[in-house]
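In: kindly generate the corresponding structure for this input.
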Amino acid sequence: MIVCGYEIQAGEKKHIKIPVLQAEAMEGICICGKNQGKTLVITAGVHGCEYVGIEAAKRMAEFLEPMELAGNVILIPLVNRCGFFDGRKQVVPEDEKNLNRVFPGKSNGTISERIAYTMEEYIYPCADFLIDLHSGDSNEDLIPLVFYPTKGEKAVNDKALQAAKVLSVPYRVSSQAKNGLYSWAVQKGIPSLLIERGSGGLWSENEVERCMEDMHRIMAFLGIKQGSYEKTSQADIKEAVYEEAVSDGFWYPSITAGKRVCCGEKFGVFEAYADGKRTELCAKFDGVVLYHTTALGVRAGEALAAYGKI
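Out: Okay, here's the model as predicted:
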């Protein structure tokens with residue numbers, strides 16, 4: 001396997017530097033299996049305070065043994081390194097941009113855009129499948145779920161959906177996104193998924209272990225590692241509503257992640273900062289709360305809550 005000019009021999013594990021123009025390189029761990037097979041890319045830390053995926057990817061890099069693999073695994077536990085160490089929710093500190101909204105990147109753009117460019121230039125070409133690990137940030141309450149793509153070519157979408165069905169998360173949610181790390185990979189022909197597990201900017205041993213279990217399931221599904229990957233019981237959500245703040249303001253939720261809501265049920269009140277106008281947000285259909293913001297203060301355009309129809 002050759003990644004960023006590094007040659008990794010069969011049966012070898014190697015730490016590499018993934019170059020980002022005019023910035024510190026990303027750290028990657030390449031595990032080249034004893035036997036040939038597919039290559040799985042696992043990324044985490046796109047958002048610096050989403051800890052379950054970061055710790056799970058870090059441990060996978062430590063525990064995976066190349067002699068047990070038929071194929072390769074490339075892990076990048078901290079895509080947004082500064083965001084992690086600075087404790088900044090959702091953005092890359094140097095340019096205040098949400099990295100998961102700037103794909104495709106630019107070689108001459110801001111730091112976020114250059115990180116996105118690096119992923120597309122150096123990592124996407126290596127991938128047969130990509131998993132991007134996320135969690136509930138410090139201001140988010142959410143239930144475990146997987147987003148699967150619907151805006152790629154049919155064969156790519158179908159491969160991603162079949163993989164999503166072997167995960168242990170209770171909900172799978174169709175996504176029309178195109179501008180994130182995983183969703184842009186889909187546009188480039190790579191089956192990809194975004195997995196969410198954990199919330200509130202916290203992590204636990206149980207959540208990390210469950211996240212690692214899902215990585216093992218995907219590797220078994222791809223034939224990279226022996227193991228079980230039978231399909232699990234999941235609720236499929238093909239329609240979801242994503243409520244956002246229309247201005248800076250105050251958010252008063254009356255829901256919790258995982259709560260079932262009925263059509264017309266109030267799930268929160270938004271109060272505009274400028275004039276104090278209060279708006280009740282009510283469910284447009286019977287569904288389940290996927291996640292919601294726990295912060296009192298929200299900026300214009302920030303997420304308030306998401307719920308889906310099962």
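In: now residue 243: which helix or strand?
Out: strand 239-244 (DSSP states H and E).
In: who does that strand pair up with?
Out: strand 303-309 (antiparallel) (DSSP bridges).
In: returning to that earlier point: who does the helix or strand following the strand holding residue 243 touch, helix- and strand-wise?
Out: Sequence-wise, the next helix or strand downstream of strand 239-244 (DSSP H and E) is strand 249-253. Identification of packing neighbours for strand 249-253 by 3 or more CB pairs under 8 Å, 6 or more residues apart in numbering; DSSP states H and E yields strand 266-272, strand 287-293, strand 297-298, strand 303-309. C-beta: built from backbone N, CA, C; applies to glycine.
In: one more time with 10 Å
Out: Identification of packing neighbours for strand 249-253 by 3 or more CB pairs under 10 Å, 6 or more residues apart in numbering; DSSP states H and E yields strand 266-272, strand 278-282, strand 287-293, strand 297-298, strand 303-309.
In: quick one: mean pLDDT over it.
Out: Here strand 249-253 scores 98 as its mean pLDDT.
In: angle of the strand holding residue 243 against strand 287-293?
Out: Orientation of strand 239-244 against strand 287-293 (axes from the mean of the first three to the mean of the last three CA atoms, to 10 degrees) gives an angle of 30 degrees.
In: list the buried ones in strand 239-244?
Out: By neighbour count on 16 or more other CB atoms under 10 Å, the buried set for strand 239-244 is 240, 243.
In: CA atoms only: put that strand into CSV for me.
Out: Provided in CSV are the C-alpha atoms of strand 239-244 (Å, rounded to 0.1, in the frame of the first residue of the first chain):
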residue,chain,number,x,y,z
GLU,A,239,-37.8,11.8,6.0
ALA,A,240,-36.3,14.2,8.6
VAL,A,241,-36.8,17.8,9.6
TYR,A,242,-33.8,19.9,10.7
GLU,A,243,-34.8,23.1,12.6
GLU,A,244,-32.3,25.9,12.7
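In: quick check: angle from that strand to strand 249-253?
Out: Here strand 239-244 runs at an angle of 140 degrees relative to strand 249-253 (the same axes, to 10 degrees).
In: chain center to strand 239-244: distance?
Out: Using CA atoms, centre = their mean, to the nearest Å, the mean C-alpha position of strand 239-244 is found 18 Å from that of the whole chain.
In: got it, and stretch 240-251?
Out: 21 Å.
In: re the thing from before, so which of the helices and strands packed on strand 249-253 is nearest residue 114?
Out: strand 303-309 (25.6 Å; CB to CB).
In: so for that closest one, mean pLDDT?
Out: The model assigns strand 303-309 a mean pLDDT of 97.
In: angle of that strand against strand 278-282?
Out: Per the same axes, to 10 degrees, the angle that strand 303-309 makes with strand 278-282 is 20 degrees.
In: so residue 104 makes contact with residue 114?
Out: No. In terms of CB atoms under 10 Å, residue 104 does not count as a neighbour of residue 114; the distance is 11.7 Å.
In: higher neighbour count, those two?
Out: residue 114 (23 against 14; other CB atoms under 10 Å).
In: confirm that that one sits in a helix.
Out: Yes. Under DSSP: H, G, I helix; E, B strand; the rest coil, residue 114 falls within a helix.
In: thank you kindly, that will do.
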